[in-house]
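**Student:** A predicted structure for the sequence below; I have some questions about it.
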Amino acid sequence: MTEDSGRFSRCCPYGPEGTPLRWAPTLRLGPNVIPWIGSGHLYRSVGVTFNESSTTTMAIEAWFMDESNEDQRLPHKRNPNEPVSLDHLAEIGVLYWNLNPKDYENDEELKKIREARGYNYMDLLDLCPEKVANYEEKLRNFYTEHIHADEEIRYCLEGGGYFDVRDKDDRWVRIWIKAGDLIILPAGIYHRFTLDTSNYIKLMRLFVGEPVWTAYNRPQEDHPARKEYIKSLTENVEVPLAAH
Ligand SMILES: CSCCC(=O)C(=O)O
Ligand SMILES: [Fe+2]
Ligand code: NI
């Protein structure tokens, strides 16, 4: 047991860490082929009824964080709570699906997402001291505000954790990820991650091509991915305005 996990103990009760799996080359899409899947999928997955087979799954919960310096694994909601909607998350480029975590090996919906967005790389990460080298250091790095040159795609299979992302006004939005939640953070968004009080998470990591996990800590205003991301925020506002 490590010092960090003492307070909220629950350490990896599960089997050995999976090895990276790759899809057959026929399923591999070119790096530039990352089509938008469409709002139908996105919304159906969060429980709003559309056509076909709608499921009544719960949407993830997100909220603006308080300013307290208490343990990062606590929820840090404001009082009263200030929830953040999925629309608000979509505006800053954060995408979300709710899938069946028990069926991740055969899930057709997951397959469709991977094919459409070109996620040919996949591995599993069991975040617990017994299975992760330099566990404490990794957790510290995850919780240091950073960006990546690529999307960060994480699918929670067990346990839970918080992804904190900065919104347009640089406020921290806390997104609670639990089993079944697949989240995509766009390249260039400032974010960080922490376990929640369950103190355990099993994540699937997806990527287009050879994975690069390099984190660039804030400030990164001159990083190409950051500039591109800032540009996309303004473009996303202009499109609906132009349509009116
Ligand atoms: C444990 S995955 C989330 C942490 C993170 O932001 C990262 O890996 O870059
Ligand atoms: Fe990250
Ligand atoms: Ni309008």
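**Tutor:** Looks like it came in fine. Residues are numbered from 1 along each chain as shown. Ligands and ions are numbered 1, 2, ... in the order given.

**Student:** Next SSE downstream of the longest strand along the chain?
**Tutor:** If you go by DSSP state E, the chain has its longest strand at strand 152-166. If you walk from strand 152-166 toward the C-terminus, the next helix or strand you reach (DSSP states H and E) is strand 172-178.

**Student:** does that following strand come close to ligand 1?
**Tutor:** No: with CB under 6 Å from any ligand atom as the criterion, ligand 1 is not reached by strand 172-178; the gap is at least 9.3 Å. C-beta coordinates here come from the backbone N, C-alpha and C atoms, glycine included.

**Student:** Tell me the strands beside the following helix or strand past that strand, with direction?
**Tutor:** Sequence order places strand 181-185 as the next helix or strand after strand 172-178, per DSSP H and E. Strand 181-185 has the following sheet partners, assigned by DSSP bridges: strand 95-98 (antiparallel), strand 152-166 (antiparallel).

**Student:** average model confidence for the shortest one?
**Tutor:** Going back to what we said before, that points to strand 95-98. Throughout strand 95-98, pLDDT has a mean value of 97.

**Student:** Stretch 146-161 near ligand 1 anywhere?
**Tutor:** Yes: for stretch 146-161 and ligand 1, the contact criterion (CB under 6 Å from any ligand atom) is met by 152, 154.

**Student:** For residue 89, which three-state class applies?
**Tutor:** helix (DSSP: H, G, I helix; E, B strand; the rest coil).

**Student:** How about the contacts made by it?
**Tutor:** When contacts are counted by CB atoms under 8 Å, 6 or more residues apart in numbering, residue 89 touches 62, 95-96, 165, 173, 175.

**Student:** how near is it to ligand 1?
**Tutor:** As for residue 89, its distance to ligand 1 is 16 Å (criterion: CB to the nearest ligand atom, to the nearest Å).

**Student:** just residue 222 next, same as before
**Tutor:** Distance from residue 222 to ligand 1, by CB to the nearest ligand atom: 20 Å.

**Student:** ok, now residue 75?
**Tutor:** For residue 75, the distance to ligand 1 - CB to the nearest ligand atom - is 18 Å.

**Student:** cool, residue 142 as well?
**Tutor:** Residue 142 is 4 Å from ligand 1, by CB to the nearest ligand atom.

**Student:** and for stretch 214-230, what are the contacting residues?
**Tutor:** Residues contacting stretch 214-230 (CB under 8 Å, 6+ apart): 93, 141, 144-150, 186-190.

**Student:** and if you look at stretch 177-184?
**Tutor:** 57, 60, 94-101, 110, 113, 151-163, 175, 201.

**Student:** That stretch: end-to-end distance?
**Tutor:** For stretch 177-184, the first-to-last residue distance is 12 Å (CA to CA, to the nearest Å).

**Student:** quick check, distance from it to the centre of its chain.
**Tutor:** In terms of CA atoms, centre = their mean, to the nearest Å, the centre of stretch 177-184 is found 7 Å from the chain centre.

**Student:** Kindly report the same for stretch 64-81.
**Tutor:** Distance, centroid of stretch 64-81 to centroid of chain: 19 Å (CA atoms, centre = their mean).

**Student:** what's it in contact with?
**Tutor:** 7-8, 63, 82, 84, 143, 162, 164, 171-174, 176, 194-197, 199.
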